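Undergrad: Got a predicted structure plus its sequence, pasted below:
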Amino acid sequence: MSHVSKRFEHAAKMWGRDVDEFIKSALNGFGSSMFIMGLYYRRPNWAWPRWLRQQLEPAGRGFEPAQLMPFRNIHFKDWGMVGSVQGVNEAVIDPAMLFMARKNVAFEVWIYDESRLYMPGLHGSFRQYLERPGYPIIINEWDLGLMRVVTRSTVASRSGVDVLIIDLGITGLPGNYIIYLVTRPYNVDHMVEVKNAGIEGDGWFVTINGELALTTDREPAQFGSYDANKDASEDAALGRLNGELYVNDELGWAHAALGFNAVINVGNEWRLRVKAPMDPLRNTPHNRALVKAVSDDDVVAELRNWDSISERSFSVLINGSVIGDILHQSIANLVMLWDGGKITPGPLIYHLFWIRDGSYMATALTMSNLTDMGRAVVEELLRRVDTSGYFKAVDFEVREYDANGQVLWAVSKYVQLTRDYDALRRWYPMIRRGVEWLETNREVTGDESIRGLLPPSWSAEDTGPMDHHYWDDMWAIAGLRELGRVLRDMGHEDYEWVEKLHREFVDALVNSINVVRARLGVEYMVPAPERVADSAMTRVIAVVWPTMALPLDNPLVKRTLEVTEELYGLNGGIMNTHQWGTYGSYLTMNLAHSWAILGDRERVGRYLTWIVNHASPTYGWAEGISIITEGGGQGDAPHGWAAADFIMLIRDLIINDLFEVPTMLRGMPVDLLRRGVTASNILTIHGLIKNVSISMRGKELMINYEGPGKSAGDGQYELLIDSPITPREIQCRSCRYEVLSSNTIKVVHGGKFTIKVLGP
């Protein structure tokens, strides 16, 4: 592009972007923000989303200076999500009662009491919570003092179409009210362009861009359609709508409204049911009839699907703690984000298939004992291999060279957990191409610090500009190591080749680290040979979890975690300043998991407390957590990687199969043990553990265990217990034991045992 400065061109190159697309994106983003800013300053009394007002008004908890143009949600991403087991799209519901059925289809409820219009953006207080963790049912409460609105949102499916079902009830001071249901040209995250909106009288549907947006079980008394010249809130404030059936707006502010007369008497509740398709449906008579036909039977049928998920998935109960509920919902969030094979790290701006998140989420699904879902994602990952052997990271052009290692890791973890070697044999031609790509795409020239490493890549976006990120090489090491193990177990001829390549990657990483630390005079890992310590250190902690790329007894490993804490730990969480400027939800979980593997109960307890305290009201996390509001502040929510990491963290605290012999309670905080822990359906590489119960009172630890461990022959199994109590006496029923060190107990059992550890 002409008339572009060399500085701009170089910026695009550093970030791995096409310069023309870089400029186009910047100009469009700036122009859209200026348009919204102009509207807001001219019409501040219009119905604006609560998250925007909070960011633009000085009294708002997330206030941002206007020069920063915060016309997207950067501090209040705590929305909940509902979806079906088999569906592709999810509905998103903001705590401030903004309902989003699709990216450009969002609506809210207003109330007119014959003198004043009440809007969620301006009035009242809000509460949101799950009716039952592990199920797609969200309750919203809007308290206006003399009036209270409660909604119950869930999902039904008919003929393969998912529909958001909202049951709305209003109670309060007796009187005559008008209840408005209004579509909005924004969603829970950002402003959107809506070019046309209207009312379809046949069934009273609201349409957006020619698609069905919503309908109700009552006939409205009013209707209207509006554009950027006048917002529906101006007419609704007078108790009437304009009666227009349809509107076009090139400026993208088209919206439509329905108004309902509501009479509230003493003790009665006025009710309304809203149905909003979550999948795109053209405005046709057939589709209108389909949505109208969705009934309570469809809702019940979908809840039965969720019963099946709940019955077979990994579960935990910790007395007096919400950890078990958060775990249950984390699994549900992964299931909702699972699209029959593809899986997305979020329901809105991240509703794309990424190899990085998909590999991680697939493994968490398999570990949750939902092996069919995990396998479907693994097969989709393998379909992403191109002719060169590179696994295409996402459906747009970007170089993320962590992808190949992550696919190998996810495939191998699936095979280890399921023993499905037949699938591995069928998949192996694609896998081998991925290994060959790793072998042929290492640096062979240049500075000694980069030789043997993968080329510069965008890597994970929060690592900053394109460099030789160690994150990519650590994933290559993890993927090759795990693949080598399954090839060895099945006696495959490529085992030695893969293992040799694994050692070469380890040697290259160690050599680079040593060259760089000598150059910098430090005793820890930095993010890349081109870097000093920066916030991409929050990815280097992957040297322990999830990659275990270096031996745990390497002094650089522990010191790297400590330096990351020292530099980027804040108020109990871990900060990322590259790109995000927020706490990292799953980055903090990665660090907690790393300390768990290293056996540091105190640190795990501290980070786990932060993680639980920063979960949303519906038990999810945004990718980044705002430092200002301590709510969701970066990326999408609920984020799939965060859900996956929480599942795997809790599982490994109970029993960790990363070591040669499975180890119980490594890193488990003592506080949780004192509360009492029970768990079931824990899938490990040694088999399915049916039940575990753990209790600790004073200096007594009691464990009841039903399941396998590492095979010791003759129907016997081995496992280790990392006891928080130094044993003085051990009582073992249906097992034999040996104290290996001051707090490590080896147990040999036949599949079921009880052990009591008594301290001094």
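TA: It's in. Numbering: from 1, shown residues only.

Undergrad: residue boundaries of the helices in the stretch 551-700 of the chain?
TA: Ranges of helices in the stretch 551-700 of the chain, per DSSP state H, counting those that start in this stretch, are 555-568, 585-597, 601-613, 640-654, 670-675.

Undergrad: So which other helices or strands are in contact with the second one?
TA: Spelled out, it's helix 585-597. helix 537-540, helix 555-568, strand 573-576, helix 601-613, helix 640-654 (3 or more C-beta pairs under 8 Å, 6 or more residues apart in numbering; DSSP states H and E). Quick note: C-beta positions are derived from backbone N, CA and C, even for glycine.

Undergrad: Torsion angles phi and psi at residue 151?
TA: phi -120, psi 150 (degrees, to the nearest 10).

Undergrad: Look up how far residue 271 lies from it.
TA: Per C-beta to C-beta, to the nearest Å, residue 151 is found 11 Å from residue 271.

Undergrad: before we move on, the earlier item: tabulate the helices of the stretch 551-700 of the chain (JSON lines), appending mean neighbour count, distance to residue 73 and mean pLDDT.
TA: Putting these into JSON lines (neighbours: other C-beta atoms under 10 Å; distance: least, C-beta to C-beta, whole Å; pLDDT from 0 to 100) gives the following:
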{"stretch": "helix 555-568", "mean neighbour count": "18", "distance to residue 73": "24", "mean pLDDT": "96"}
{"stretch": "helix 585-597", "mean neighbour count": "27", "distance to residue 73": "16", "mean pLDDT": "98"}
{"stretch": "helix 601-613", "mean neighbour count": "19", "distance to residue 73": "21", "mean pLDDT": "98"}
{"stretch": "helix 640-654", "mean neighbour count": "26", "distance to residue 73": "17", "mean pLDDT": "98"}
{"stretch": "helix 670-675", "mean neighbour count": "18", "distance to residue 73": "34", "mean pLDDT": "97"}
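
Undergrad: With respect to residue 683, which of those helices lies nearest?
TA: Closest to residue 683 of the helices of the stretch 551-700 of the chain is helix 640-654 (C-beta to C-beta; 8.6 Å).

Undergrad: what's the angle between the closest one and helix 585-597?
TA: Counting by axes from the mean of the first three to the mean of the last three C-alpha atoms, to 10 degrees, helix 640-654 lies at 20 degrees to helix 585-597.

Undergrad: What is helix 640-654 packed up against?
TA: helix 323-337, helix 355-367, helix 585-597, helix 601-613, strand 677-684.

Undergrad: any chance of these in a markdown table, plus distance to residue 16?
TA: Shown next, in a markdown table, are the helices and strands packed on helix 640-654 (distance: least, C-beta to C-beta, whole Å):
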| stretch | distance to residue 16 |
| --- | --- |
| helix 323-337 | 26 |
| helix 355-367 | 15 |
| helix 585-597 | 22 |
| helix 601-613 | 32 |
| strand 677-684 | 38 |
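
Undergrad: Can I get the helices of the stretch 551-700 of the chain in TSV including distance to residue 360?
TA: Formatted as TSV, the helices of the stretch 551-700 of the chain follow (distance: least, C-beta to C-beta, whole Å):
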stretch	distance to residue 360
helix 555-568	20
helix 585-597	9
helix 601-613	16
helix 640-654	5
helix 670-675	24
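
Undergrad: Compare the ones you listed and give me the one nearest residue 508.
TA: helix 555-568 (15.3 Å).

Undergrad: Contacts for that closest one, please.
TA: 513, 517, 523-525, 533, 535, 537-538, 540-541, 543-544, 550-551, 574-577, 591, 594-595, 598 (C-beta atoms under 8 Å, 6 or more residues apart in numbering).

Undergrad: one step back: of the helices and strands packed on helix 640-654, give the one that comes closest to residue 657.
TA: strand 677-684 (4.3 Å).

Undergrad: and that closest one, what's its mean pLDDT?
TA: Averaged across strand 677-684, pLDDT comes to 98.

Undergrad: Quick check, central residue of this protein?
TA: Central residue check for the chain by C-alpha atoms, centre = their mean: the C-alpha nearest the mean position is that of residue 639, 1.7 Å away.

Undergrad: Spit out the contact partners of the residue lying closest to that one once chain neighbours are set aside.
TA: Of all residues not flanking residue 639 in the chain, residue 623 sits nearest, at 4.6 Å (C-beta to C-beta, 6 or more residues apart in numbering). With contacts defined as C-beta under 8 Å, 6+ apart, the neighbours of residue 623 are 345-346, 350, 580, 584-586, 634-637, 639, 641-642.

Undergrad: which one of the residues you listed is nearest residue 161?
TA: Using C-beta to C-beta, the contacts of residue 623 come closest to residue 161 at residue 346, 21.7 Å.

Undergrad: what about that closest one, neighbour count?
TA: Residue 346 has 28 neighbours, counted by other C-beta atoms under 10 Å.

Undergrad: Wasn't it part of a strand?
TA: No - applying DSSP: H, G, I helix; E, B strand; the rest coil, one finds residue 346 to be coil, outside a strand.

Undergrad: Quick check: the gap between the residue nearest to residue 62 when sequence neighbours are not counted and residue 454.
TA: Distances taken as C-beta to C-beta, 6+ apart put residue 75 closest to residue 62, at 3.2 Å, once the chain neighbours are dropped. Distance, residue 75 to residue 454, using C-beta to C-beta: 36 Å.

Undergrad: low pLDDT regions in the stretch 1-150 of the chain?
TA: 1-3 (pLDDT under 70).

Undergrad: Please, where are all the strands along it?
TA: 80-82, 91-93, 98-102, 105-112, 117-118, 125-130, 138-143, 147-158 (DSSP state E, counting those that start in this stretch).

Undergrad: For the closest residue to residue 54 other than its chain neighbours, what are phi and psi?
TA: Spatially, and ignoring its direct neighbours in sequence, residue 54 is nearest to residue 60 (3.6 Å; C-beta to C-beta, 6+ apart). Residue 60 has phi and psi values of phi -70, psi 140 when expressed as degrees, to the nearest 10.

Undergrad: again, but for the one 3 residues further on
TA: Geometry field for residue 63 lists phi and psi as phi -60, psi 140, criterion degrees, to the nearest 10.

Undergrad: go on, residue 89?
TA: Backbone geometry at residue 89, expressed as degrees, to the nearest 10, gives phi -110, psi 150.

Undergrad: ok, so what distance separates the closest residue to it other than its chain neighbours from residue 192?
TA: Using C-beta to C-beta, 6+ apart and skipping residues adjacent in sequence, the residue nearest residue 89 is residue 278, 4.6 Å away. According to C-beta to C-beta, residue 278 and residue 192 sit 16 Å apart.

Undergrad: Neighbour count: the two, which is higher?
TA: residue 278 (26 against 19).

Undergrad: What pLDDT is listed against that one?
TA: 98.

Undergrad: can I assume it is in contact with residue 160?
TA: No - if you go by C-beta atoms under 8 Å, residue 278 and residue 160 don't touch, sitting 11.6 Å apart.

Undergrad: thinking again about what came up before, the strands of the stretch 1-150 of the chain into JSON lines, with extra columns for mean neighbour count?
TA: Shown next, in JSON lines, are the strands of the stretch 1-150 of the chain (neighbours: other C-beta atoms under 10 Å):
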{"stretch": "strand 80-82", "mean neighbour count": "28"}
{"stretch": "strand 91-93", "mean neighbour count": "28"}
{"stretch": "strand 98-102", "mean neighbour count": "27"}
{"stretch": "strand 105-112", "mean neighbour count": "24"}
{"stretch": "strand 117-118", "mean neighbour count": "20"}
{"stretch": "strand 125-130", "mean neighbour count": "16"}
{"stretch": "strand 138-143", "mean neighbour count": "21"}
{"stretch": "strand 147-158", "mean neighbour count": "20"}
